[in-house]
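1. Output the structure for:
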Amino acid sequence: MSLAVIDGGLQTTVQDLGRNGFAHLGISASGAADSFSLRLGNLLVGNAEGEAGLEMTLIGGKYQFNRDTFVSLTGSYFLIDLDGEDLPFYENIHVERGQIINIGPSRDGARCYLTVQGGFDIGLVLGSKSTHLMTNMGGFEGRPIKKGDEIKFGDARQEMEPVRIKQAIEMDCSTLRITKGIQHDWFDPDAWKLLQNNKFTVSHTFDRMGVRTAGQSIKTIQDTEVLTEGIPAGAVQIPGNGQPIISFVDHQTTGGYPKIANVITADLCKVGQLMPQDEFQFQLVSMAEAESLRLAQESFINDLKYSAP
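-> Reported below is the predicted structural model:
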């Protein structure tokens, strides 16, 4: 019971919801860059929402199944076919033994997820199947998958009844909502206006560690530097050149750049779908608004789980 890798794409890794609680050891949580899409994909095939799937970046790859199973495709819309026939996204799809799924380039975002009924049979490292690329830990041998690999997947059993998603899933990545960061008062009102009223462009040096941007330069009013301190995923850091960097799932656990803001939890999935040259704006919201948006996202998933046929 395995998935044969004919072509591993640009960067395809095994990811679940990450390994929290090890930042004191210098290990960031890792996990899916767009955890919302991964969770939906698992629910579509009857898996627990935190099961591991394949995360594909920009170009997917080609894979052959050695037994019948059910799969789903979620996240950004990539060009995908099964033995030459186009496949839908956000549906439960039956795949027969020997069939080949070909996942080409993205049409609108950075990452796509392939989930398989029963999940991938990958050993846990610190409680997670996620690949942590900086340390070559977890996932499939701690690395992106490549041609010739065979990834075992679990028994064709359902943890729960597969859900159905009746409405179109769309993600507007043109606005990232933020709350004030721990060094927010290091920046004067003019800096905050620049941050919120201008568009920023994703640079080509983007990866799972962080998203570097180009745009208006944001300057601090402080002459001192930050002592090295913990960094959360989604922290908007301002380095010496004034160009914001958004820390992400494989981020360093400590750093010394001032943190003007944090991307809210509900919008971290949007960061995972940003591609080079994408433009976006920051929008400041209150902590109460951020929590309300997080709860709305959780409510959407819970409604799917408990209304499954």
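
2. Between the two ends of stretch 42-60, how far is it?
-> Stretch 42-60 has its terminal residues 18 Å apart, counting by C-alpha to C-alpha, to the nearest Å.

3. Quick check: buried residues in that stretch?
-> Neighbour-count burial for stretch 42-60, counted by 16 or more other C-beta atoms under 10 Å, picks out 42-47, 49-60. In short, each C-beta sits where N, CA and C put it, glycine included.

4. Then stretch 167-186?
-> By 16+ other C-beta under 10 Å, the buried positions in stretch 167-186 come out as Met171, Cys173, Leu176, Arg177, Ile178, Thr179, Lys180, Gly181, Ile182, Gln183, His184, Trp186.

5. My guess is the fourth one contacts Glu291. True?
-> Okay, so that is Arg177. No - between Arg177 and Glu291 there is no contact under C-beta atoms under 8 Å: 11.8 Å.

6. one step back: just the buried residues of stretch 167-186: which are in helices?
-> Of the buried residues of stretch 167-186, none are assigned to helices by DSSP state H.

7. could you dump those residues to TSV with distance to Trp192 and pLDDT?
-> What follows is the buried residues of stretch 167-186, written out as TSV (distance: C-beta to C-beta, whole Å; pLDDT from 0 to 100):
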residue	distance to Trp192	pLDDT
Met171	26	93
Cys173	22	96
Leu176	15	98
Arg177	15	98
Ile178	11	98
Thr179	13	98
Lys180	9	97
Gly181	11	96
Ile182	15	94
Gln183	12	95
His184	8	95
Trp186	11	95
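
8. quick one: the helices in the stretch 201-309 of the chain?
-> For the stretch 201-309 of the chain, the helices defined by DSSP state H, counting those that start in this stretch occupy 268-271, 287-306.

9. mind giving me JSON lines with those and columns for mean pLDDT, mean neighbour count and distance to Met137?
-> Output for these, formatted as JSON lines (pLDDT from 0 to 100; neighbours: other C-beta atoms under 10 Å; distance: least, C-beta to C-beta, whole Å):
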{"stretch": "helix 268-271", "mean pLDDT": "97", "mean neighbour count": "22", "distance to Met137": "21"}
{"stretch": "helix 287-306", "mean pLDDT": "95", "mean neighbour count": "13", "distance to Met137": "28"}
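
10. Go through these and name the closest to Ala214.
-> Nearest of the helices of the stretch 201-309 of the chain to Ala214, taken as C-beta to C-beta: helix 268-271 at 16.0 Å.

11. tell me which strands and helices that closest one is in contact with?
-> On a contact count with 3 or more C-beta pairs under 8 Å, 6 or more residues apart in numbering; DSSP states H and E, helix 268-271 meets helix 35-44.

12. Outline the domain layout of this protein.
-> Following automatic domain parsing, the chain resolves into domains at 2-152, 175-301.

13. Point out the most buried one among those.
-> Greatest average neighbour count among the domains of the chain goes to domain 2-152 (a mean of 20), per mean count of other C-beta atoms under 10 Å.

14. Relative to the whole chain's centre, how far out is it?
-> 11 Å (C-alpha atoms, centre = their mean, to the nearest Å).

15. What of stretch 268-286?
-> Centroid separation for stretch 268-286 versus its chain: 12 Å, with C-alpha atoms, centre = their mean.

16. Keeping just the C-alphas, turn it into PDB.
-> Taking Å, rounded to 0.1, in the frame of the first residue of the first chain, the C-alpha atoms of stretch 268-286 are listed here in PDB:
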ATOM      1  CA  LEU A 268      -1.600  32.400   8.500                       C
ATOM      2  CA  CYS A 269      -3.000  30.200   5.800                       C
ATOM      3  CA  LYS A 270      -2.900  33.100   3.400                       C
ATOM      4  CA  VAL A 271       0.800  33.600   4.100                       C
ATOM      5  CA  GLY A 272       1.300  30.000   3.000                       C
ATOM      6  CA  GLN A 273      -0.300  30.700  -0.300                       C
ATOM      7  CA  LEU A 274       1.700  33.800  -1.200                       C
ATOM      8  CA  MET A 275       3.900  33.400  -4.300                       C
ATOM      9  CA  PRO A 276       6.900  35.500  -5.600                       C
ATOM     10  CA  GLN A 277       5.700  38.800  -7.000                       C
ATOM     11  CA  ASP A 278       2.300  38.700  -5.300                       C
ATOM     12  CA  GLU A 279       1.200  42.000  -3.900                       C
ATOM     13  CA  PHE A 280      -0.600  42.500  -0.600                       C
ATOM     14  CA  GLN A 281      -1.400  45.000   2.100                       C
ATOM     15  CA  PHE A 282      -1.400  44.800   5.900                       C
ATOM     16  CA  GLN A 283      -4.600  45.700   7.800                       C
ATOM     17  CA  LEU A 284      -4.500  46.300  11.500                       C
ATOM     18  CA  VAL A 285      -7.200  44.700  13.600                       C
ATOM     19  CA  SER A 286      -7.900  44.500  17.300                       C
END
